[in-house]
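Visitor: could you work out the structure for the sequence below:
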Amino acid sequence: MLVRTNAIVLRRLRYSDTSIIATLLTEGRGVESVLAKGARSPRSRLAAVLEPLEQIEVQYYVKPGRELQLLRTAERTRLRRSIQSSFEHTVAALRIAELVLCLELPGHPHAEVFKLVEETLAVLDAAQSAAAFPVAFALRYAAVHGFSLQLDVHDALPPVNHQSQPYILRLDRGTFEPAVLDLAHRGSHADDVSSIGTHTVERRTLAALQTLGRTPLERLGDQQFESSVLEECRGIVERYLEFHFERRLRRG
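Guide: A predicted model of the protein is given here:
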């Protein structure tokens, strides 16, 4: 069967002296791996459009039960200049691609995931600053899959002068509570909660997560975040995704 669909290149691997294996996020069929025969030969134009993060229209042959499909054609449909030329933008976009590679299952199409990746990369490419986009994407990715982080904290807050008071993230519920309230609510269920998993979150980190989750992507490049806080946010969201997908994410 010949399939024609829009796709975003997530990864590319060398296969023999002349061919390439590309892993694609396709609009119609989810994650697919395709073999591009002869793509590394001097006369082929496929190598240029099968670079990671390229957005393309592909045609490939699908055979039921085969994990590696055979590519027929690929044409670039959008040029992303900043992602291809700016180190900061490239790193941010590759982190988004890596997350999708780790968590999306082959053969499980999800139109909303494709749309989210497409829109995020488009806005990222036009943004002045790219550092915040991987975390903002991860928050929205969780929401698309039905388990949003609940960024509104518990109503009964500790006194305002307790600026150092941390919050506890319940990984199973995706909710934040001030640590003192969380301890009070556990009572005899402390062991059950501990086995489910929690994560301590500082106030400034929660505030950054709220900004990352609520700011429209088009305005995200104007926001300023400390690099250390962004890394804390990234670690929290990745642990949350690992808990719900039951898969490990690569670090780095």
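
Visitor: how about the strands of the stretch 151-252 of the chain, start to end?
Guide: 167-170, 175-178, 198-201 (DSSP state E, counting those that start in this stretch).

Visitor: to Leu101, which of those strands lies closest?
Guide: strand 198-201 (24.0 Å; Cβ to Cβ). To be clear about C-beta, it is placed using only N, CA and C from the backbone, and glycine gets the same treatment.

Visitor: and that closest one, how far from the chain's centre?
Guide: Relative to its parent chain, strand 198-201 has a centroid offset of 21 Å by Cα atoms, centre = their mean, to the nearest Å.

Visitor: that strand pairs with which strands?
Guide: When sheet partners are counted by DSSP bridges, strand 198-201 sits next to strand 167-170 (antiparallel).

Visitor: returning to what we had before: check the strands of the stretch 151-252 of the chain for me and report the most buried one.
Guide: Across the strands of the stretch 151-252 of the chain, the average number of neighbours (mean count of other Cβ atoms under 10 Å) peaks for strand 167-170, which reaches a mean of 22.

Visitor: pLDDT below threshold where in the stretch 101-250 of the chain?
Guide: When residues are selected by pLDDT under 70, those of the stretch 101-250 of the chain lie in 154-164, 180-196, 250.

Visitor: show me the helices in it, by range?
Guide: Counting by DSSP state H, counting those that start in this stretch, the stretch 101-250 of the chain forms helices over residues 111-126, 133-144, 179-186, 190-196, 203-214, 217-220, 227-245, given from the N-terminal end onward.

Visitor: for those, state which one has the densest average packing.
Guide: Looking across these with neighbours counted as mean count of other Cβ under 10 Å, the highest average goes to helix 133-144: a mean of 22.

Visitor: show me what it is packed up against.
Guide: If contacts are counted by 3 or more Cβ pairs under 8 Å, 6 or more residues apart in numbering; DSSP states H and E, helix 133-144 sits against helix 87-103, helix 111-126, helix 203-214, helix 217-220, helix 227-245.

Visitor: what residues does the shortest one touch?
Guide: Which is helix 217-220. By Cβ atoms under 8 Å, 6 or more residues apart in numbering, the list of residues contacting helix 217-220 from outside reads 119-120, 123, 127, 132-133, 136, 212.

Visitor: chain neighbours aside, what residue packs nearest to Thr175?
Guide: Nearest residue to Thr175, sequence neighbours excluded (Cβ to Cβ, 6 or more residues apart in numbering): Gln150, at 4.7 Å.

Visitor: would you confirm that the one you found contacts Gly174?
Guide: Yes: counting by Cβ atoms under 8 Å, Gln150 does reach Gly174; the two are 5.2 Å apart.

Visitor: and these two? which has more neighbours close in?
Guide: Neighbour tally, Gln150 and Gly174, criterion other Cβ atoms under 10 Å: the higher count belongs to Gly174, 17 against 14.

Visitor: can you pull the domain assignment for this protein?
Guide: According to automatic domain parsing, the chain comprises the domains 1-79, 86-252.

Visitor: can the helices of the stretch 101-250 of the chain go into CSV with extra columns for distance to Leu25?
Guide: What follows is the helices of the stretch 101-250 of the chain, written out as CSV (distance: least, Cβ to Cβ, whole Å):
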stretch, distance to Leu25
helix 111-126, 6
helix 133-144, 12
helix 179-186, 38
helix 190-196, 31
helix 203-214, 22
helix 217-220, 18
helix 227-245, 16
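
Visitor: adding distance to Arg78, write the contacts of helix 217-220 out as TSV.
Guide: Putting these into TSV (distance: Cβ to Cβ, whole Å) gives the following:
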residue	distance to Arg78
Glu119	12
Thr120	13
Val123	13
Ala127	16
Ala132	22
Phe133	17
Ala136	20
Leu212	25
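
Visitor: and of these, the nearest to Asp222?
Guide: Ala127 (8.3 Å).
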